[in-house]
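Peer 1: okay, structure incoming, though there's no sequence with it:
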């Protein structure tokens, strides 16, 4: 690779670098990527199935998705998916759950155009409602699509072809619906990372971030002593900055008086009260304990506690 | 939603369904989505930063990415990102690691056009080499981009706008490079799922699938008694189907003779030998033990063992 280094970063000019290196940068750096298992049909009626991870949704009104069957990096040949779509501009795009990943991997190999990957990968089929290509029953989420545009992105070895599709019908397995919602643990979808890596998007890998309500004051509105804390991380500051405003000193004092009365406090309350006691005799340690108690509270989602007790350090 | 039910699936016609429902189908079903933290600059020189999860790479030669700043579902208003790109068609797209996610969430709120989300979200900046917008130093992966095309996908409330960009410079933090490769655990990127869910694409969430070498024979080439096993899953069959051919009975007998000689066998070898002993007296249990031993071997990546011992069941 043609690279330079500055500020701890390696910089790469794609025009001066081998295709394989550029490809690997995209595959590793743009992760985790959702996987589209795409069903198409040839003019002669042969079913085709192939997975693509250069794929996403792009709009909801009306619903659009796009994926990219690239030309071979080795010989510039086109995939059957692309050849089929040029003749029959319809497809079904399926989500890929963990329990299908080996079969999908098998569908990714180049079988000759007259063989169906449905058969080779051992999938069950369902007819579509609007389009000609068949559906993969084993997937919990199907999108019947009409292709609106195929945009060539270079036209040579390793170049992409952006297939822009309008979704005309959705199908959701009843097995993944809970109270009318498709939940991630029930879907158990996988994403692609670089090299041979996949991500399983369920269980302990899942976490939630509450969308900021209204407009956060921003990290720039936090006092310097909070922003520059060696205990608090960028994520901690982000949570504090999502609050609409800082409490005033009167509110802080009231909050702390209430904490002192609370005999059954949380672990972080106890740590805070301990830190308060230390503040006079050992201010460095006391302060550290209080900042740690704020950090623990932020981890537990108790933003109110964190901001009030941090602001109690204003005069120290 | 205007829905029908068939074969265990709920079917939804997007033209007949509320925008919010269609949007939720896309957000949950197309997951996990990579996140683009996009830096732009206004004509007047005000920096803007906003995250988008309708985003992916689409080709490597030359490198292309696309993301979609949608019009507001409520009032159809355009995001500052889109307005800026219409005037200054350049951006920097950054990957989002776990330790930045709260700051990115803060950058997602609508600050007025004259405020910089760099400041609000507390990010450090770096100048770009080729384009005007600044880079977010806190991210480990930056792509400087020239916008080639903005494709409106509906032009109304909740409609997407596909921003197609050519990457002109990559920057990779040296901290995430191991032997010249960007490894997923070091990157520790997050993806978006439906609702408030995110996926952390590192640690135990990662797994690998070996790319099939050459061309697998396909699941259709496996004998019925393997394909119809109640013990083996679709993933197990996918692994077996990725083999180029089945071993013949001579190879199977030789393989099993060798297993019998092996005094220090694996757990699944022992389970297999146990099953062999049972085959005469209790064929149902013996067969089950052998299939389970094949399943365990497949889990451990020992495809050779699995296919040979399964094929030893041909005559039973």
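Peer 2: Right, received. Where do you want to start? Small disclaimer: the values here were computed from a predicted structure and weren't measured.

Peer 1: beta partners for the residue in the stretch 151-300 of chain A that chain B sits nearest to?
Peer 2: Nearest residue of the stretch 151-300 of chain A to chain B (C-beta to the nearest C-beta) works out as residue A:160 at 2.3 Å. From N, CA and C alone the C-beta is placed, and that goes for glycine too. Per DSSP bridges, the residues bridged to residue A:160 are residue A:153.

Peer 1: can you name the residues that contact it?
Peer 2: Residue A:160 makes contact with A:54, A:68, A:70, A:153-154, B:57-60, B:64, according to C-beta atoms under 8 Å, 6 or more residues apart in numbering or on different chains.

Peer 1: of all those residues, which comes closest to residue B:291?
Peer 2: Using C-beta to C-beta, residue A:54 is the member of the contacts of residue A:160 that sits closest to residue B:291, with 37.8 Å.

Peer 1: count of residues packed around the residue nearest to residue A:219 when sequence neighbours are not counted?
Peer 2: Spatial nearest neighbour of residue A:219, excluding adjacent residues (C-beta to C-beta, 6 or more residues apart in numbering or on different chains): residue B:122 at 3.2 Å. When neighbours are counted by other C-beta atoms under 10 Å in any protein chain shown, residue B:122 registers 22.

Peer 1: for the contacts of residue A:160, give me JSON lines that also has pLDDT and neighbour count.
Peer 2: Formatted as JSON lines, those follow (pLDDT from 0 to 100; neighbours: other C-beta atoms under 10 Å in any protein chain shown):
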{"residue": "A:54", "pLDDT": "98", "neighbour count": "28"}
{"residue": "A:68", "pLDDT": "98", "neighbour count": "25"}
{"residue": "A:70", "pLDDT": "97", "neighbour count": "23"}
{"residue": "A:153", "pLDDT": "98", "neighbour count": "24"}
{"residue": "A:154", "pLDDT": "97", "neighbour count": "18"}
{"residue": "B:57", "pLDDT": "98", "neighbour count": "27"}
{"residue": "B:58", "pLDDT": "98", "neighbour count": "27"}
{"residue": "B:59", "pLDDT": "98", "neighbour count": "27"}
{"residue": "B:60", "pLDDT": "98", "neighbour count": "28"}
{"residue": "B:64", "pLDDT": "98", "neighbour count": "25"}
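
Peer 1: hmm, what's the outermost residue in chain A?
Peer 2: Note on chain A: the largest C-alpha distance from the chain mean falls to residue A:281, namely 47.3 Å (C-alpha atoms, centre = their mean).

Peer 1: so residue A:140 touches residue A:187, yeah?
Peer 2: Yes - in this structure residue A:140 lies within contact range of residue A:187 using C-beta atoms under 8 Å: 6.0 Å.

Peer 1: mind listing the shared neighbours of these two?
Peer 2: Common neighbours of residue A:140 and residue A:187 are listed as A:95, A:97, A:176 (criterion: C-beta under 8 Å, 6+ apart).

Peer 1: which ones among those lie within strands?
Peer 2: Among the shared contacts of residue A:140 and residue A:187, DSSP state E puts none in strands.

Peer 1: including pLDDT, could these go into a markdown table?
Peer 2: Shown next, in a markdown table, are the shared contacts of residue A:140 and residue A:187 (pLDDT from 0 to 100):
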| residue | pLDDT |
| --- | --- |
| A:95 | 98 |
| A:97 | 98 |
| A:176 | 96 |
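
Peer 1: out of these, which are close to chain B?
Peer 2: By C-beta under 8 Å from any C-beta of the partner chain, the members of those lying near chain B are residue A:95.

Peer 1: would you list the buried entries among the shared contacts of residue A:140 and residue A:187?
Peer 2: In the shared contacts of residue A:140 and residue A:187, burial by neighbour count holds for A:95, A:97, A:176, counting by 16 or more other C-beta atoms under 10 Å in any protein chain shown.

Peer 1: in the stretch 201-316 of chain A, where is pLDDT below threshold?
Peer 2: By pLDDT under 70, the low-scoring segments of the stretch 201-316 of chain A are A:316.

Peer 1: spell out which residues of it are next to chain B.
Peer 2: Selection of the stretch 201-316 of chain A residues close to chain B by C-beta under 8 Å from any C-beta yields A:201, A:203-212, A:214-216, A:218-220, A:227, A:233-239, A:241-242.

Peer 1: what subset of those residues is buried?
Peer 2: Here, 16+ other C-beta under 10 Å leaves A:201, A:205-206, A:209, A:212, A:216, A:218-219, A:234-239, A:241-242 buried among these.

Peer 1: which ones among those lie within helices?
Peer 2: Among those, the ones falling in helices (DSSP state H) are A:234-239, A:241.

Peer 1: ok, and the closest non-adjacent residue to residue A:34?
Peer 2: Residue A:34's closest residue in space is residue B:30 (C-beta to C-beta, 6+ apart), at 5.1 Å.

Peer 1: residue contacts, the one you found?
Peer 2: By C-beta under 8 Å, 6+ apart, residue B:30 lies in contact with A:34, A:55-57, A:65, A:95.

Peer 1: just residue A:157 next, same as before
Peer 2: A:19, A:71-76, B:61.

Peer 1: with respect to residue B:263, which of the residues you listed is nearest?
Peer 2: For the contacts of residue A:157, the nearest to residue B:263 is residue A:74 (46.6 Å; C-beta to C-beta).

Peer 1: distance of the residue lying closest to residue A:7 once chain neighbours are set aside from residue B:96?
Peer 2: Of all residues not flanking residue A:7 in the chain, residue B:126 sits nearest, at 5.8 Å (C-beta to C-beta, 6+ apart). As judged by C-beta to C-beta, to the nearest Å, residue B:126 and residue B:96 stand 16 Å apart.

Peer 1: compare those two (neighbour count), which wins?
Peer 2: residue B:96 (28 against 19).

Peer 1: please consider this matter closed, and thank you.
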